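Undergrad: Structure, please.
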Amino acid sequence: MADQPRSKLLAGDFRLRRNCTDSRRCPVVGEHQILELISLGAPLPGILNKLCMMIDVRIGDVVSMVSLPDVDENRFCTMTRSALQVGLEVFCSRAILSFDKLLLGSLEIFGCDPRQPTPLELLLIDRVTYLASLALQSQKMEEHIEAPSIKPRGKLVGPIEKPRFIN
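TA: Coordinates of the predicted model:
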């Protein structure tokens, strides 16, 4: 595989860039772009969609999604139940946790065939879960930043009048 030029490799021949024991430090193809989107404050649905597409394309024959907790926390069970009703099998499920170990969401992966992820696929899933955690935490931090309040210096009364010295 190393002897072939990069352009002649098939999509299935691409692997993680290097073997790592810590999945949070093992980069995946497209990770740099995801990190740029997070740092630029791109819309969260777009980032999460790209992360799910990374899994769907790399693993193949799976459908992944990120569920965010709702007030009743019933959404996770509802989505899994719906997937099972249409004949999909649970491939993998990961909790997306903040640095403080608070639940931010869940990464759900469904497939047509009942099988377990390979060790390499688990590394990819762990890395995508970590990136989703960064994106969700970034959005939460942006929501907590308050815009500075602008207070008028004087009273504004009625329409603005032109100064007397202007004709």
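Undergrad: and the longest helix seen in the chain, what does it pack onto?
TA: Longest helix in the chain by number of residues (criterion: DSSP state H): helix 119-144. Using 3 or more CB pairs under 8 Å, 6 or more residues apart in numbering; DSSP states H and E as the contact test, the elements touching helix 119-144 are helix 31-40, helix 44-59, strand 89-97, strand 103-111. In short, each C-beta sits where N, CA and C put it, glycine included.
Undergrad: Can you tell me which of the ones you listed is most buried?
TA: strand 103-111 (a mean of 20; mean count of other CB atoms under 10 Å).
Undergrad: contact partners of it?
TA: Outside strand 103-111, the residues within contact range by CB atoms under 8 Å, 6 or more residues apart in numbering are 55, 59, 61-69, 76, 79-80, 83, 88-98, 117, 125, 128-129, 132-133, 136-137, 140.
Undergrad: where does the nearest residue to Glu89 once chain neighbours are set aside land in three-state SS?
TA: The shortest distance from Glu89 to any non-neighbouring residue, by CB to CB, 6 or more residues apart in numbering, is to Pro114 (4.5 Å). What DSSP: H, G, I helix; E, B strand; the rest coil gives for Pro114 is coil.
Undergrad: Share the number of residues neighbouring Pro114, please.
TA: Residues lying near Pro114 (other CB atoms under 10 Å) number 9.
Undergrad: Roughly how far does it sit from Asp61?
TA: Going from Pro114 to Asp61 by CB to CB, to the nearest Å gives 12 Å.
Undergrad: next one: Gln85
TA: For Gln85, the distance to Asp61 - CB to CB - is 19 Å.
Undergrad: give me every residue that touches Gln137.
TA: For Gln137, the contacting residues are Ser98, Phe99, Leu104, by CB under 8 Å, 6+ apart.
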